[in-house]
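J.: predicted model follows, preceded by the sequence.
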Amino acid sequence: MANRCILGALAFAALLVISGCGASGARFKDPQVPSGTTPLPVRVLVVPFEDERDFDQKPAQIKSSAPLTIARSFSYDRPDEAYTAAGKPFPERLAEELAEDIAESGLVEKVTYARHDRMPEKGTYDLILKGKLLKTEQSGRVYLYGLVLPLGIYLYDVAWYLGLPKTRRDYDIETELQWYNGYDDTPIGVPVRSSYDTPGKTFWVYSEEGRMDDVSKRVKPSWNDFVDATVADLPGGGDSHWAALKSEGVEHMARIAREEEFRRKGAPPVFAFISPDTGSTVRATDANVRWNISAPNGLKTARLTLGGSSVELGLASFDLSSDATAPRSVAARTVNVPLELGENELVATVTDWRGNETTAELRISRLPQPLQPADRHALLIGMGSDAAVNTVRELERAVTDPFAGQFEKSRVTAITSPEFDPARIESVINEFGAGPIGDQLAMIYIAAPGTASSMSLGSGSDAMPLTRVAEILERQLATDVVFVVLDVEWDATADGEVLDTFDDAPPRWGVATSATTPKAGAVRASRFAYGSTMADLLTERRSGDSALTIERFFDEVAARAEDSTGLEPDLAGRFDPNATMVSYQ
């Protein structure tokens, strides 16, 4: 009775562990892949089996049989070699048939068979299926029926042709199959080993199959074991293991190619930025960049660019015209480079006389000069509508931008709510008021719906009169450098009455509102020509590339107010493109 069991385990792709026993079958393709199954997206290469069988051949000695011999025994460790004098070696034949059967099964995307001396190019297959022939022992008897007569007369073939059995064969088979990574030849998991023996099978002369075919059939059930285990537990066609296998394989091949290139070309040249560190931020208009070069194979060219424009490295004293005269290194040097506001990217490219080329990058960000007053506080309130909430969130980003408002994040209080809450507004103004003192700047921005008839923020029972807002601000703020922005969505036209609520504001207060006309008194402004709201003005990009700043906002307010005498010089006329980053993207 057949007895075969997988003795190993297979870890396939995801280190899948499989073990178990399977039923016998004649060909690999017998365990059908489930209908509708998508082939696994891998290309498989099958190579000849490794032959690790013993070599003990004991044929039946028929010619030397004594008269009346009933049967003679035989045994072969390699029955294929006993029956075949020439032709394709058995390990190659088995592997080729295995490749054909896998292809017919539809299990994978593509299958290729190749001998070891004719291997396809790396990268054209993802997995390799390798096998070992560990044992193919065949033993049995040839029946002579006592028809070996004296004087060399042999009549046993007469008995065979009359229908008596000719031979009986038994097999003891052991094989091993394993997957390998097609890119780096490393094994995936551990082998699947099949070991089994077969019951004796009787053959007649009329029905006897070719003896090589018989050997092949006895080995093929081991393939059946492999498929029975594999088909049920392999990751699906869309599983990420397959994509990972391929991407890692491509990376491995690229690394091998680089190593080969390195062996062929030698160590590449290296341009090293010593200081400052990449990602540094400075406020100066230029930077001293320290660098050096190493070129074991002779420096051929060296180029440094800033934003696409060349920067002189000062290598005129070196002879780079030939390998013989080219320097192998350039000691540390310093080059001064001008910096634009924003991020500046330096790119160095060096080549050597063996064809190597490398690049290095250094990024330095130039911040604008600090604005005055440097101590600045902001209270941003957006309540009562989604538009008000979104405006404050956008404005918070603008005022804390180091290239624009230059407010420290810790000194910016942003309060948002889709519901209008006057009690909370009063509470946050009270808390905020103690922060800015002396000559520190306080900016208060309030975005909310408004009721024009009552000059109130909000509406109905939740309304908050502007007079109350002005009263709280004037009482709570400890600094007299104040800029108030009222970005109100009025339900009707609201004119000068809005600004009347701030008539008693201190002289260094600036007040702006989005829908009023200018009036005398504290500095005030109406809607600006290029901004529909105060928030637009603070964050607008003019001509597609200019970001307005708080300082420019102050200047525009002063310029458009009817009476600018209330805005003292420390808040007016300070707009400087180099300091306030108008051109920053």
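T.: Thanks, I have the structure now. Numbering: from 1, shown residues only.
J.: use CA for all of it now, contacts and neighbours both
T.: Will do.
J.: paired strands for the top strand by length along the chain, with orientation please.
T.: Using DSSP state E, we find that the single longest strand of the chain is strand 127-143. Take DSSP bridges as the rule and strand 127-143 pairs in its sheet with strand 40-46 (parallel), strand 50-51 (parallel), strand 71-76 (antiparallel), strand 167-181 (antiparallel).
J.: give me the neighbour count for D185.
T.: Neighbours of D185 under the rule other CA atoms under 10 Å: 12.
J.: quick one: low-confidence parts of the stretch 101-250 of the chain?
T.: 149-153, 189, 206-214, 222, 224, 227-247, 249-250 (pLDDT under 70).
J.: quick one, helices of it?
T.: 156-161, 211-219, 221-233, 240-265 (DSSP state H, counting those that start in this stretch).
J.: dump the residue contacts of R290.
T.: 273-276, 332-335 (CA atoms under 8 Å, 6 or more residues apart in numbering).
J.: flag every buried residue along the helix or strand hosting it.
T.: Assigned by DSSP states H and E, R290 falls within strand 286-294. Buried residues in strand 286-294, counted by 16 or more other CA atoms under 10 Å: 287, 289, 291, 293-294.
J.: returning to what we had before: ok, the contacts of R290 vs T413, which is closest?
T.: Nearest to T413 out of the contacts of R290 is P276 (CA to CA; 34.6 Å).
J.: find the nearest non-adjacent residue to that closest one, please.
T.: Among residues not flanking P276 along the chain, V289 sits closest, at 6.3 Å (CA to CA, 6 or more residues apart in numbering).
J.: verify the contact between P79 and G140 for me.
T.: No - P79 is beyond contact range of G140, at 11.4 Å (criterion: CA atoms under 8 Å).
J.: would you turn the strands paired with strand 127-143 into JSON lines with mean neighbour count and distance to L457?
T.: Shown next, in JSON lines, are the strands paired with strand 127-143 (neighbours: other CA atoms under 10 Å; distance: least, CA to CA, whole Å):
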{"stretch": "strand 40-46", "mean neighbour count": "21", "distance to L457": "64"}
{"stretch": "strand 50-51", "mean neighbour count": "16", "distance to L457": "88"}
{"stretch": "strand 71-76", "mean neighbour count": "18", "distance to L457": "103"}
{"stretch": "strand 167-181", "mean neighbour count": "21", "distance to L457": "71"}
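J.: so who does V282 touch?
T.: Going by CA under 8 Å, 6+ apart, the list of residues near V282 reads 364-367.
J.: thinking again about what came up before, I'd like the next helix or strand past the strand holding R290.
T.: As assigned by DSSP H and E, the chain's next helix or strand after strand 286-294 is strand 299-306.
J.: partner strands of that next one, with direction?
T.: By DSSP bridges, strand 299-306 pairs with strand 309-311 (antiparallel), strand 342-352 (antiparallel).
J.: mind listing what's buried along the first one?
T.: Same thing as strand 309-311. V311.
J.: list the strands paired with the next helix or strand after that strand, with their directions.
T.: Sequence-wise, the next helix or strand downstream of strand 309-311 (DSSP H and E) is strand 329-338. Strand 329-338 pairs in its sheet with strand 286-294 (antiparallel), by DSSP bridges.
J.: next, count neighbours for D101.
T.: Close neighbours of D101, defined as other CA under 10 Å, add up to 18.
J.: was I right about E419 contacting S385?
T.: Yes - between E419 and S385 a contact is recorded at 6.8 Å, counting by CA under 8 Å.
J.: between those two, tell me which one has more neighbours.
T.: Using other CA under 10 Å, the more surrounded residue of E419 and S385 is S385, with 18 against 15.
J.: and the gap between the more buried one and K122?
T.: For S385, the distance to K122 equals 63 Å [CA to CA, to the nearest Å].
J.: do the same with G438
T.: Distance of G438 to K122, computed by CA to CA: 75 Å.
J.: more crowded one of those two?
T.: The neighbour comparison of G438 against K122 (other CA under 10 Å) goes to K122, with 13 against 9.
J.: and for the closest residue to A360 other than its chain neighbours, the neighbour number?
T.: Counting by CA to CA, 6+ apart, A360 lies nearest to A348, which is 5.1 Å off, once chain neighbours are set aside. Using other CA under 10 Å, the number of residues around A348 comes to 21.
J.: list the buried ones in stretch 182-189?
T.: For stretch 182-189, burial by neighbour count (16+ other CA under 10 Å) applies to 182-183, 187-189.
J.: contact partners of stretch 329-336?
T.: 286-296, 298-299, 312-313.
J.: can you do 7 Å?
T.: 286-295, 313 (CA atoms under 7 Å, 6 or more residues apart in numbering).
J.: is it possible to get TSV of those that adds pLDDT?
T.: What follows is the contacts of stretch 329-336, written out as TSV (pLDDT from 0 to 100):
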residue	pLDDT
D286	93
A287	95
N288	96
V289	96
R290	96
W291	96
N292	97
I293	96
S294	96
A295	94
L313	93
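J.: buried set for stretch 196-203?
T.: 196-198, 200, 203.
J.: tell me the phi and psi of R468?
T.: For R468, the backbone dihedrals (degrees, to the nearest 10) come out as phi -70, psi -40.
J.: for L380, see how far away it is.
T.: Taking CA to CA as the measure, R468 falls 17 Å from L380.
J.: those two - which one has more neighbours?
T.: Neighbours were counted for R468 and for L380 using other CA under 10 Å; L380 has more, 22 against 14.
J.: paired strands for whichever helix or strand the more buried one is part of, with orientation please.
T.: Following DSSP H and E, one finds L380 within strand 376-383. Applying DSSP bridges to the sheet, strand 376-383 is found paired with strand 412-417 (parallel), strand 437-451 (parallel).
J.: immediately after that strand, which helix or strand?
T.: As assigned by DSSP H and E, the chain's next helix or strand after strand 376-383 is helix 386-400.
J.: now the angle from that following helix to strand 376-383?
T.: Angle, helix 386-400 to strand 376-383, by axes from the mean of the first three to the mean of the last three CA atoms, to 10 degrees: 170 degrees.
J.: other SSEs contacting helix 386-400?
T.: Under the contact criterion of 3 or more CA pairs under 7 Å, 6 or more residues apart in numbering; DSSP states H and E, helix 386-400 touches strand 376-383, strand 412-417, helix 534-539.
J.: now render the ones you listed as CSV, adding mean pLDDT and distance to E431.
T.: Formatted as CSV, the helices and strands packed on helix 386-400 follow (pLDDT from 0 to 100; distance: least, CA to CA, whole Å):
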stretch, mean pLDDT, distance to E431
strand 376-383, 92, 10
strand 412-417, 94, 10
helix 534-539, 45, 24
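J.: how about K265, what does it touch?
T.: Residues near K265 by CA under 7 Å, 6+ apart: 354, 356.
J.: then the one 10 residues further on?
T.: When the contact criterion is CA under 7 Å, 6+ apart, the partners of S275 are 289-290.
J.: identify the residues contacting the strand holding L380?
T.: For strand 376-383, contacts defined as CA under 7 Å, 6+ apart pick out 388-389, 392, 407, 411-420, 436, 440-448.
J.: nearest spatial neighbour of L299, skipping sequence neighbours?
T.: On the basis of CA to CA, 6+ apart, the spatially nearest residue to L299 that is not a chain neighbour turns out to be D352, at 4.6 Å.
J.: want to throw the helices and strands packed on helix 386-400 into a markdown table with distance to D319?
T.: Converted to a markdown table, those look like this (distance: least, CA to CA, whole Å):
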| stretch | distance to D319 |
| --- | --- |
| strand 376-383 | 56 |
| strand 412-417 | 58 |
| helix 534-539 | 53 |
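J.: which of the ones you listed sits most buried?
T.: Among those, strand 376-383 has the highest mean neighbour count (mean count of other CA atoms under 10 Å), at a mean of 25.
J.: can I get that one in CSV, CA atoms only?
T.: Taking C-alpha atoms only, strand 376-383 is exported to CSV below (Å, rounded to 0.1, in the frame of the first residue of the first chain):
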residue,chain,number,x,y,z
ARG,A,376,3.8,90.6,19.0
HIS,A,377,0.7,88.9,20.1
ALA,A,378,-2.5,87.9,18.2
LEU,A,379,-6.0,87.0,19.2
LEU,A,380,-7.9,85.5,16.3
ILE,A,381,-11.6,84.8,16.8
GLY,A,382,-13.9,83.1,14.2
MET,A,383,-17.4,82.3,15.2
